[in-house]
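Chemist: predicted model, plus sequence, below.
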Amino acid sequence: MKDVAGKTAFITGGGAGIGLALAKVFARAGMNVVIADLRRDHLDEAVAVLEKDGANVLAIQLDVCDRKAMAAAADAAERRFGNVHLLCNNAGVNIIRPMDQATFEDVDWVVGVNLLGTFNGVLTFIPRIKAHGEGGHIVNTSSVAGIITGPGTAIYSATKFAIRGLSDALRFDLAPYGIGVSVLCPGTVSTRLYESEENRPARFLGKVDDTVLAQRAGTGELFRKVLPMGMDPMQVAERTLECVRQNRFYILSHREVDQDIREAYDEMLAGLPDIPLDPERVKLEAGRRQKKYDLLKLLKDQS
Ligand SMILES: NC(=O)c1ccc[n+]([C@@H]2O[C@H](COP(=O)([O-])OP(=O)(O)OC[C@H]3O[C@@H](n4cnc5c(N)ncnc54)[C@H](O)[C@@H]3O)[C@@H](O)[C@H]2O)c1
């Protein structure tokens, strides 16, 4: 999507952090912006900031886990601005908890918001973007934690790896319709992600005792210290717009993670067995690969 001016972006989790920065950057580039967020207070603050900046903005209170509400939000966006062209599935929550201490509620909540919320956005908007035929783009927010992991990140990383997998395959499905797909994988960004626990609905609280409360407070405190040292979300958002315009799949914002990525892939390649290549299977894989190349070429020709 080279030309964005006059088009409309729908951003989940647009009330704060990276989502709000995306809204600012898109609006400055001439787009109408719809910010959808669970938190009314975040939306109110964001609208004030965006309107002061001269943005055409619509704010919608939305839990991305709620599919009916997602469809209603898409309808509201279209009533206000017409067709939606750019979808950013950005809403997310974080958790750091070793699996031996995690609960089913932790898993249901984080998978529900981060991963199922992304599927909900994708399935709600694909038919609409396909139908208007003006092209479009979908940006799914994964993370560097969707490429590498660390202790305590199993639940969060599982969702972010899955978002990367979903996005990688999605670009092939949408290539014939002129709809681009990117996956945004930021490193540490200075946002309010440390407030994640405040965004956990009661149904996902589980049994809360003093140990659980202390653990959650500890994670929040750690994030309160670390996140402000992260990148300015505006820098991530500017990089995102640049990559959407260039139709790039990977949107990486943090140069300093290069070593982690290299090590992860080297470790994977080192897992290959030292056995003779089977010519028939080599041919099979080459055929599969060629189909991907053809679709990628189609995408490149469109951008
Ligand atoms: N901050 C980082 O270091 C970092 C790094 C990599 C990836 N990310 C990802 O970036 C995305 C944005 O996070 P952020 O850092 O800007 O955090 P943030 O907490 O500042 O913003 C997230 C927004 O999502 C909203 N939200 C939470 N649950 C929701 C739900 N169920 N439905 C709708 N909205 C909901 C929150 O109210 C908040 O306004 C997330 O997907 C996060 O995982 C963040």
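Modeler: Good, I have the coordinates. Numbering: from 1, shown residues only.

Chemist: stretch 218-236 near the ligand at all?
Modeler: Yes - Stretch 218-236 reaches the ligand (CB under 6 Å from any ligand atom) through 227, 230. Heads up, the C-betas are built off the backbone N, CA and C, glycines and all.

Chemist: mind giving me the packing neighbours of whichever strand or helix holds K291?
Modeler: Per DSSP states H and E, K291 falls inside helix 279-302. Other elements packing on helix 279-302 under the criterion 3 or more CB pairs under 8 Å, 6 or more residues apart in numbering; DSSP states H and E are helix 154-174.

Chemist: hmm, back to that, how about residues contacting the helix holding K291?
Modeler: 135, 171-172, 175-176, 178, 180, 247 (CB atoms under 8 Å, 6 or more residues apart in numbering).

Chemist: and the residues you listed, which two are the farthest apart?
Modeler: Largest separation among the contacts of helix 279-302 by CB to CB: G135 and F172, giving 16.5 Å.

Chemist: where does this structure have low pLDDT?
Modeler: The model of the chain has pLDDT under 70 over residues 302-303.

Chemist: contacts only, for whatever residue of the stretch 51-200 of the chain ends up closest to the ligand.
Modeler: Using CB to the nearest ligand atom, G92 is the residue of the stretch 51-200 of the chain that sits closest to the ligand, at 2.1 Å. Contact analysis of G92 by CB under 8 Å, 6+ apart lists 13, 113-114, 117, 141, 159, 193.

Chemist: ok, and of these, which contact the ligand?
Modeler: Residues of these in contact with the ligand (CB under 6 Å from any ligand atom): 13, 113, 141, 193.

Chemist: what residues sit buried inside stretch 43-63?
Modeler: Neighbour counts using 16 or more other CB atoms under 10 Å place 43, 46-47, 50, 55-60, 62-63 of stretch 43-63 among the buried residues.

Chemist: need these in a markdown table (columns: distance to the ligand and secondary structure).
Modeler: What follows is the buried residues of stretch 43-63, written out as a markdown table (distance: CB to the nearest ligand atom, whole Å; DSSP: H, G, I helix; E, B strand; the rest coil):
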| residue | distance to the ligand | secondary structure |
| --- | --- | --- |
| L43 | 8 | helix |
| A46 | 8 | helix |
| V47 | 13 | helix |
| L50 | 13 | helix |
| A55 | 17 | coil |
| N56 | 20 | coil |
| V57 | 15 | strand |
| L58 | 15 | strand |
| A59 | 11 | strand |
| I60 | 10 | strand |
| L62 | 6 | coil |
| D63 | 5 | coil |
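
Chemist: show me which of the residues you listed is closest to K225.
Modeler: Comparing those against K225 with CB to CB places A46 closest, at 24.7 Å.

Chemist: quick one, what contacts that closest one?
Modeler: Per CB under 8 Å, 6+ apart, neighbours of A46: 14-16, 20, 23, 35, 37, 57, 59.

Chemist: and if you look at P98?
Modeler: By CB under 8 Å, 6+ apart, P98 lies in contact with 151-152, 154.

Chemist: repeat for V189
Modeler: V189 touches 17-18, 227, 230-233, 236, 253, counting by CB under 8 Å, 6+ apart.

Chemist: look up how far the ligand lies from A9.
Modeler: 15 Å (CB to the nearest ligand atom, to the nearest Å).

Chemist: wait, that residue touches I35, no?
Modeler: No - A9 sits out of contact with I35 when judged by CB atoms under 8 Å, with a separation of 9.1 Å.

Chemist: overlap in contacts, these two.
Modeler: Among the neighbours of A9, those also in contact with I35 (CB under 8 Å, 6+ apart) are A23.

Chemist: which residues in the stretch 51-200 of the chain form helices?
Modeler: With DSSP state H, counting those that start in this stretch as the criterion, the stretch 51-200 of the chain has helices at 67-81, 104-110, 117-132, 154-174.

Chemist: what's the spacing between the last one and its chain's center?
Modeler: Right, the one you point to is helix 154-174. Here the centre of helix 154-174 is set off from its chain's centre by 9 Å, with CA atoms, centre = their mean, to the nearest Å.

Chemist: likewise the third one?
Modeler: Between the centre of helix 117-132 and the centre of its host chain there is 14 Å, according to CA atoms, centre = their mean.

Chemist: which of the residues in that helix are buried?
Modeler: Within helix 117-132, the residues that count as buried by 16+ other CB under 10 Å are 117-122, 124-126, 128-129.

Chemist: sweet, I'm off.
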